[in-house]
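>>> everything below, folded, please.
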Amino acid sequence: MIQIPPSFRISHEQFVELAGANRDIRLERTAQGELIIMSPTYSDTGASNAEIGGQLWYWNNKTKLGIVFDSSTGFHLPNGATRSPDARRIFDVAVELVNSIVLKKSN
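Now for the predicted structure:
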């Protein structure tokens, strides 16, 4: 178990480095720089998320209108937070924007 002091804050750059070094841990960051360690979901939630993601992928595969991401994808939001939605679809018109906000694997 990890204890995080209430006053602890982490920058976006530090978050990217920490998340990259701990790929087996689901981490998020609030707009205020607070670190959030996400717990695993229960089986019913995991099954629901898989169903939603599968349906989203299937629909997008037929329409070819964008890109589908899973819950392990981190998005750096305009408010400074980095969050991972359960499933996400981005329209092609926003793909260039997405490329700037999705956390990339460090080389």
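>>> C-alpha only now, for contacts and for neighbours.
Fine.
>>> who does Val68 form a beta bridge with?
Arg89 (DSSP bridges).
>>> right, and it touches Ala87 too?
Yes - contact between Val68 and Ala87 holds when scored by C-alpha atoms under 8 Å: they sit 7.4 Å apart.
>>> what touches both of those two?
Overlap of the contact sets of Val68 and Ala87 (by C-alpha atoms under 8 Å, 6 or more residues apart in numbering) consists of Leu56.
>>> ramachandran angles for the nearest residue to Phe15 once chain neighbours are set aside?
Leaving out its chain neighbours, the residue that sits closest to Phe15 by C-alpha to C-alpha, 6 or more residues apart in numbering is Arg29, at 7.3 Å. With angles defined as degrees, to the nearest 10, Arg29 sits at phi -130, psi 130.
>>> what's the neighbour count on Arg29?
23 (other C-alpha atoms under 10 Å).
>>> buried sites along the helix ranked longest in the chain?
As assigned by DSSP state H, the longest helix anywhere in the chain is helix 43-63. Across helix 43-63, burial judged by 16 or more other C-alpha atoms under 10 Å covers 49-50, 53, 56-57, 60.
>>> before we move on, what about stretch 70-83?
Buried-residue list, stretch 70-83, by 16+ other C-alpha under 10 Å: 70, 72-76, 81-83.
>>> distance check, Ile25 against Leu65.
Separation of Ile25 from Leu65 (C-alpha to C-alpha, to the nearest Å) stands at 31 Å.
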